[in-house]
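> Here is my input; please provide its structure:
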Amino acid sequence: MSTNEIIANAKKASRTHLTEIESKTILEELGIATTEPRLAKSRDEAISFAKGIGFPVVLKVSSADIVHKSDSGGVKLGLTNEDELARAYDEIMASIKRNQPDAVVEGVSVQKMARPGVEVIIGMSKDPQFGPVLMFGLGGIFVEILKDVAFRIVPLTKRDAHDMIREIKGYPVLEGYRGQEPGNVPLLEDILLKVSDFADKTPQIKEMDLNPIFAYSQDVVAVDARIILE
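Alright, predicted model coming up:
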């Protein structure tokens, strides 16, 4: 499904929040690598997808009504076999029924468990005065605790993307601090430019949140994604 079709379907259903699968489909169309989630509508289908993907896998509830999946018990990480996956599927469904009884649940997304990397965040929101604004910083708990982020107004230039990444205080982590694997900075710059171009050309988008993005020495993968429409 194309980006235009995803947005049109969401508007037709009077939805402003896209699901993770819809959001990642858009990112893939932009040329941004993701964990390529697949929607399973039953336990058996989830097991079948996991076999095709290869363990370990992650299960996440798929619902446009649930923004914070982890808080609702809708995420299970590092599942290594069919038995673990079957239990996790049942636990997710029971937890959502208990915590979010009114949510419309499509099923669960099944995706490869990404290996740890340098976690970064790329976000976009609309400022009433300046329009779309991009944010870059270290992801995960770092963005909440350190608030070490950089901002630029869309559209970004290559120089903007270059400078944004290097002006955060945590930049040495991306260089491979104390022998850790560095993050691929040129690929992160490329993602910033792609998100900037998308935000500039797609006025229907109100917010985007790619967090975390795992940056490795050779590639970069968006592990979670959220897109909100106007």
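
> List the buried residues for stretch 15-23?
15, 17, 18, 19, 20, 21, 22, 23 (16 or more other C-beta atoms under 10 Å). C-betas here are computed from N, CA, C, even on glycine.

> Now do the end-to-end distance for that stretch.
13 Å (C-alpha to C-alpha, to the nearest Å).

> Give me the local confidence score for the residue at the greatest distance from the centre of the chain.
In terms of distance from the mean C-alpha position of the chain, residue 178 ranks first, at 27.5 Å (C-alpha atoms, centre = their mean). Note on residue 178: pLDDT of 85.

> For it, which residues are in contact?
Neighbour list for residue 178: empty [criterion: C-beta atoms under 8 Å, 6 or more residues apart in numbering].

> how much space between it and residue 184?
Noted for residue 178: a distance of 18 Å to residue 184, by C-beta to C-beta, to the nearest Å.

> Tell me how many other residues surround the closest residue to residue 76 other than its chain neighbours.
Using C-beta to C-beta, 6 or more residues apart in numbering and skipping the chain neighbours, the partner closest in space to residue 76 is residue 88 (3.7 Å). Applying other C-beta atoms under 10 Å, we find 21 residues neighbouring residue 88.

> From the contact counts, what lies against whatever helix or strand residue 88 lives in?
Remark: residue 88 resides in helix 82-99, with elements defined by DSSP states H and E. Counting contacts by 3 or more C-beta pairs under 8 Å, 6 or more residues apart in numbering; DSSP states H and E, helix 82-99 packs against helix 43-53, strand 57-62, strand 75-79.

> ranking these by burial, who's on top?
Highest mean neighbour count among these (mean count of other C-beta atoms under 10 Å): strand 57-62, with a mean of 25.

> Rounded mean pLDDT for that strand, please.
The model assigns strand 57-62 a mean pLDDT of 97.

> Quick check: mean pLDDT of stretch 17-35?
pLDDT averaged over stretch 17-35 gives 96.

> Can you give me the first-to-last residue distance of that stretch?
Span of stretch 17-35 from end to end, C-alpha to C-alpha: 20 Å.

> where along the chain do the strands fall?
38-40, 57-62, 75-79, 107-112, 118-127, 131-138, 149-153, 205-215, 220-222, 225-229 (DSSP state E).

> mind showing which ranges of this protein have poor pLDDT?
Scanning the chain for pLDDT under 70 picks out 140-142.

> buried set for stretch 135-144?
Those would be 135, 136, 137, 138, 139, 142, 143, for stretch 135-144 by 16+ other C-beta under 10 Å.

> can you list the domain ranges for this protein.
38-113, 118-229 (automatic domain parsing).

> and those domains as TSV, adding distance to residue 10?
Listed next are the domains of the chain as TSV, based on distance: least, C-beta to C-beta, whole Å:
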stretch	distance to residue 10
domain 38-113	8
domain 118-229	6
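
> among those domains, which is nearest residue 30?
Of all the domains of the chain, domain 118-229 sits nearest to residue 30, with 4.9 Å by C-beta to C-beta.

> what's the neighbour count on the residue lying closest to residue 81 once chain neighbours are set aside?
Among residues not flanking residue 81 along the chain, residue 55 sits closest, at 6.2 Å (C-beta to C-beta, 6+ apart). Neighbourhood size, residue 55 [other C-beta under 10 Å]: 15.

> and if you look at residue 82?
Neighbours of residue 82 using other C-beta under 10 Å come to 15.

> quick one: the closest residue to it other than its chain neighbours from residue 75, how far?
Computed as C-beta to C-beta, 6+ apart, the closest residue to residue 82 that is not its neighbour in sequence is residue 47, at 5.3 Å. Residue 47 is 18 Å from residue 75, where distance means C-beta to C-beta.
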